[in-house]
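Engineer: Quick one: sequence plus predicted model below, questions after.
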Amino acid sequence: MEYNFREVEKKWQHYWAEKKTFKAENKSDKPKYYVLDMFPYPSGAGLHVGHPLGYIASDIFARYKRLKGFNVLHPMGYDSFGLPAEQYAIQTGQHPEITTKTNIARYREQLDKIGFSFDWDREVRTSNPDYYKWTQWIFIQLFNSWYNPKTNKAENIATLIPTLKNFSSLSEKEQSDLLLEYRLAYLSDTIVNWCPQLGTVLANEEVKEGVSERGGYPVERKLMKQWSLRITAYADRLLTDLEGIDWTDSIKEAQRNWIGKSEGTSLKFKIQESDDTIEVFTTRPDTIFGVSFVTLAPEHELVEKITTAEQKKTVEEYVTFAKNRSERDRMSDVKKITGVFTGGYVMHPFTRKQIPIWIGDYVLAGYGTGAVMAVPGHDTRDYAFAKHFGLDIIEVVAGGDLSKESYDAKEGKLIHSDFLNGLDVKDAIKKAIAVIEEKGLGKGKTNFRLRDAIFGRQRYWGEPIPVYYENGIPKVLNENELPLLLPDVDKYLPTETGEPPLARASNWKYKGQFEYEYSTMPGWAGSSWYFLRYMDAHNENAFASKEAINYWQNVDLYIGGAEHSTGHLLYVRFWTKFLNDLGLVPFIEPAKKLINQGMIQGVSEKIFVDEHKHNSFMIPDYYNLPHSTEGYRVCYSSSFVSENIKKENIGDPKYVTLENLYEINIPIEFTDKSNLNIDEFLKSSQGRDFKEHDTIFRTDGGCFLNGVYYGDETKKDFYTKPEVEKMSKSKWNVVTPDLIVEQYGADCLRLYEMFLGPLEQSKPWSTSGISGVSNFMRKMWRLYHKEDMFTVSMEVPSKEELKTLHKTIKKIVHDIENFSFNTSVSNFMICVNELTEQKCNKREILEPLAIIIAPYAPHLAEELWFKLGHAESITYAQFPLHNEEYLVDDAFAYPVSFNGKTRFKMELPLTLGVKEIENAAMDSEEVKKFLEGKAPKKIIVVHNKIINIVV
RNA sequence: GCGAGUAUGGGGGAAUUGGUAGACCCAGCGGACUUAAAAUCCGCCGCUCAAUGCGUAUCGGUUCGACUCCGAUUACUCGCACCA
């Protein structure tokens, strides 16, 4: 009886669902283990084979931990608020909730087919009111908190008020405005990334290269009143706590860069003929005597004030120009230097010389103070600006050649610098800070690149922010009024006056009279705390009970894609620290260990198309085709264009240069090993575009026209060109897990995805190798069967059989614990090959084998377990321990090498000592032969490893 | 520009962390069984001028011994990018 995966897999999936095999208990004597996958966004495209890669790895680990006696929490849910469903709603008018539900149902169906051991009773969806109620609740806690720099943690805003002078004498509005400057969730005028096409603001990490991450639309800078979260208060802790967690270096490094800590000093420059000062931030206070101008960001608040009458027009024009430039434009011509002189001057704090004030958009308004002291001699950007506008360049650190470029290195002795002369840069920095502080000109300061997170989105499909406005004062709802439900609207678009879609909701007012906040929360709000909700998913009185949180603690193993390194992973760490400050969770980090699975790319198949119909006139003559007055569109087999045209082929109508062509992707199902099935392709919706009557398909030996082939029958194949790209619907290169499960089964998919290579590495998907895994599974099945009958013997296993089993157990444990899943699949193959060779069908071997493979191929393992006579699922069996005794050899085949090059092997008993081995080697005929009578210089013997003879 | 990562046969990849390079799988080649095919089984499979030759992106170093450690270089991938 061959292994029938269809029947077996269906049977056990039903069994698991019915018996709730993977239900995790919140109370248990067992040690706990929390395995979490990153939240999927249920997109309309469904899962492709790349998505389950991480889920399979985490599932193997979860199942392994159960077999090792742990109480395992392994949940799954959906990050179901977000832009794509809303964009779809705008196009179709369908409520995003419906789209979302449909998509989730499809995801669930796909996930269920793969045999994951999720505890589905704990499923969460961020767009469900009983979930987002608690997202709103956390927002309220953020609003009610401030960051106390003395205790270095968040506290209730009530502890702040006594420290504020004259607070009680302020008006209610003034009090509110003042407190907003401290609250961790606050409303302020901020320069935001505004995306007109999406009609919303975006957070910094949602903008890539000046365009929106989703959709790729241009982004502008705009001043807007916005809700933000004060993540910057946690910058230092987010940085230092990275040291305590087992995350990959690349993620940690990305977070460090994103936080961007830099230590320096603030320094005030007095503006001439004014009481105002310009404050700058610098990391190089040692170069203070090299300052030859000061540059302000175009948005700087003092710009208007210091601009002289003569310069007013120029400055205004420049500021307008700078503001209207999109981020993309600004970034794409970084090399283009722009700026204007304001006409104003500041006074140098030490030399008292007058220093011109310029405006330049190389200075960022959001970083530091939005103003820099320009030291062109020792800063590349200042140097470029000074060169461009003919400003002074002063050398204050010896060692460079300032006629060519600035000297930025922090090495060398100070010159032309008064009290700093002769000092090394490092000492000069210390001394400069000391003097600056002493004179009250500024003080040592740490700056972070990290900005506060913009929290409002002018969109519909997100959590409503639980705020209403009373006389222009923002107030949060009472906790017992949550959730604030997302109201229905007639259209998912902004109002005519440009207000967000929520402003369309009719009669949507707090207590019937006060306006609610119309923006909603960003996509990352719900995902910033979801790992906590899984612990106690149905709790109506708290986001999770104290007991549940204390039992499960933080995530032990978190698996997900690297694309979340600076977004989600930073926010979830921030919220965890905040909740920890409030005493709501007993840990400071959400996940102890994090693994990023690599991306699985798709292999696209491309054809080359020539739309210039006049180019095709020569071809009909060449192959005696019917003529067309208009000419033909021509599609070329890849062999014509993959190489450069050889000299002898120039002028031959068979050959074309790439310049005249464009490439299109062909749905991969119409190709077989890059060989296009033209008939099938033309029948498809995409191919119908290539109407037969005006398209020629050029093969190596001729061409197809109207389904008729002209030319050399032996060279009829039309080849497409394979290319590795991101797997995506639009590239027609998607392979779904459903297809693989249908053809080979879920266990085979699981094993094969792991077998592809190291989990963390990116690799292109290729279905071709899957037959090897499929064969392996059948071979394993046959171990337990004789002439189609399930047969295992009670005989005592041989020494070899025990060695094979125990060697495998040892390796599998090592591999799983090091997340080296690809090598464990190889080891299973080796094990089954050896047992087959040994004709082993002994229960004492085959029973443990079923257990150790259960995490990888759970359906197969369950079925074998059942046939072995067990009534209960294999899930909670006991993972076997390996016994070293069975692994001990009594002899070892020593490789004998000369000068490090292995020549032959010599089998010697392991009981021999180093000296005895050396003697045995020297006595051997073969060694003598290689030595050719010469005496060896040295012999190195490493016990159980190698013999190396130096000649 | 800065940072991180990767580089091993025709392909995916392995190598117990300095000790037999290429495990395992795919593809390929040859054979057995079969009327035939599928399935299954057996053998070969880094390169070459065939030897005590060469070979882990390239060049150099340390070592009895280097895919592994050190220095430099190249290519590709991914982040970040005027952060003062």
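Structural biologist: Everything's here; your move.
Engineer: Tell me where the stretch 101-250 of chain A has helices.
Structural biologist: All helices of the stretch 101-250 of chain A, identified by DSSP state H, counting those that start in this stretch, fall at A:129-143, A:172-180, A:235-240, A:249-259.
Engineer: got a list of contacts for the shortest one?
Structural biologist: Spelled out, that is helix A:235-240. A:152, A:231, A:255-256, A:259, A:261, A:446, A:448, A:450, A:570, A:573-574, A:577, A:588 (Cβ atoms under 8 Å, 6 or more residues apart in numbering). (Each C-beta comes from the backbone N, C-alpha and C, glycine too.)
Engineer: okay if I get the residues you listed as a markdown table plus distance to RNA strand B?
Structural biologist: Conversion of these to a markdown table gives the following (distance: Cβ to the nearest atom of the strand, whole Å):
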| residue | distance to RNA strand B |
| --- | --- |
| A:152 | 23 |
| A:231 | 14 |
| A:255 | 9 |
| A:256 | 8 |
| A:259 | 10 |
| A:261 | 9 |
| A:446 | 10 |
| A:448 | 8 |
| A:450 | 8 |
| A:570 | 11 |
| A:573 | 16 |
| A:574 | 17 |
| A:577 | 22 |
| A:588 | 24 |
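Engineer: Just the buried ones out of those, please.
Structural biologist: A:231, A:255, A:259, A:261, A:448, A:450, A:570, A:573, A:574, A:577, A:588 (16 or more other Cβ atoms under 10 Å).
Engineer: Now residue A:272: closest residue in space, sequence neighbours ignored.
Structural biologist: With Cβ to Cβ, 6 or more residues apart in numbering as the criterion, residue A:272 has its nearest non-adjacent residue at 4.6 Å, and that residue is residue A:345.
Engineer: Using PDB, write down the CA coordinates of the host helix or strand of that neighbour.
Structural biologist: Under the criterion of DSSP states H and E, residue A:345 resides in strand A:339-347. The C-alpha trace of strand A:339-347 is given here as PDB (Å, rounded to 0.1, in the frame of the first residue of the first chain):
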ATOM      1  CA  GLY A 339      20.700  78.200  -0.500                       C
ATOM      2  CA  VAL A 340      20.500  82.000   0.000                       C
ATOM      3  CA  PHE A 341      22.000  84.600   2.300                       C
ATOM      4  CA  THR A 342      19.600  86.200   4.800                       C
ATOM      5  CA  GLY A 343      21.500  89.400   5.200                       C
ATOM      6  CA  GLY A 344      21.700  88.800   8.900                       C
ATOM      7  CA  TYR A 345      24.700  88.000  11.100                       C
ATOM      8  CA  VAL A 346      25.500  86.300  14.400                       C
ATOM      9  CA  MET A 347      28.500  87.000  16.600                       C
END
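Engineer: ok, then the element right after that strand?
Structural biologist: Next helix or strand after strand A:339-347 toward the C-terminus (DSSP H and E): strand A:354-360.
Engineer: Is any residue of the helix or strand that that next one is followed by near RNA strand B?
Structural biologist: Next helix or strand after strand A:354-360 toward the C-terminus (DSSP H and E): strand A:371-374. Yes. Against RNA strand B, strand A:371-374 shows contacts by Cβ under 7 Å from any atom of the strand at residue A:372.
Engineer: helices or strands next to the following helix or strand past strand A:371-374 in the packing?
Structural biologist: Per DSSP H and E, the first helix or strand lying C-terminal to strand A:371-374 is helix A:380-389. Secondary-structure packing of helix A:380-389 (3 or more Cβ pairs under 8 Å, 6 or more residues apart in numbering; DSSP states H and E): strand A:293-296, strand A:339-347, strand A:354-360, strand A:371-374.
Engineer: what's the offset of helix A:380-389 from the middle of its chain?
Structural biologist: Relative to its chain's centre, helix A:380-389 lies at 37 Å (Cα atoms, centre = their mean, to the nearest Å).
Engineer: Which residues of the stretch 401-550 of chain A lie near RNA strand B?
Structural biologist: A:447, A:449.
Engineer: And the residue of the stretch 401-550 of chain A closest to RNA strand B?
Structural biologist: residue A:449 (3.5 Å; Cβ to the nearest atom of the strand).
Engineer: Let me know how buried the nearest residue to that residue once chain neighbours are set aside is, in neighbour terms.
Structural biologist: Leaving aside its sequence neighbours, residue A:449 sits nearest to residue A:260 (Cβ to Cβ, 6+ apart; 2.5 Å). Residue A:260: 14 surrounding residues under other Cβ atoms under 10 Å.
Engineer: And the residue nearest the centre of chain A?
Structural biologist: For chain A, residue A:563 is the residue whose C-alpha lies nearest the centre (Cα atoms, centre = their mean; 1.7 Å).
Engineer: one step back: just say which of the helices and strands packed on helix A:380-389 is most tucked in.
Structural biologist: Sort the helices and strands packed on helix A:380-389 by mean neighbour count, taking mean count of other Cβ atoms under 10 Å, and strand A:371-374 sits at the top with a mean of 26.
Engineer: what are the pairing partners of it, and which direction each?
Structural biologist: strand A:293-296 (antiparallel) (DSSP bridges).
Engineer: Three-state assignment for the residue of chain A at minimum distance from RNA strand B, please.
Structural biologist: Minimum separation of chain A from RNA strand B (Cβ to the nearest atom of the strand) falls at residue A:772, amounting to 2.2 Å. Classification of residue A:772 using DSSP: H, G, I helix; E, B strand; the rest coil returns helix.
Engineer: Where does the prediction get shaky in chain A?
Structural biologist: Counting by pLDDT under 70, chain A shows low-confidence ranges at A:1, A:326-328, A:331-335, A:613-617, A:639-660, A:691-693.
Engineer: Show me it divided up by domain.
Structural biologist: A:136-234+A:452-522, A:261-448, A:601-725, A:737-846, A:889-950 (automatic domain parsing).
Engineer: residues in contact with residue A:849?
Structural biologist: A:783, A:805, A:808, A:831, A:835.
Engineer: Would you format the buried ones among the contacts of helix A:235-240 as a markdown table with secondary structure included?
Structural biologist: A markdown table is the format used below for the buried ones among the contacts of helix A:235-240 (three-state DSSP):
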| residue | secondary structure |
| --- | --- |
| A:231 | helix |
| A:255 | helix |
| A:259 | helix |
| A:261 | strand |
| A:448 | strand |
| A:450 | coil |
| A:570 | helix |
| A:573 | helix |
| A:574 | helix |
| A:577 | helix |
| A:588 | coil |
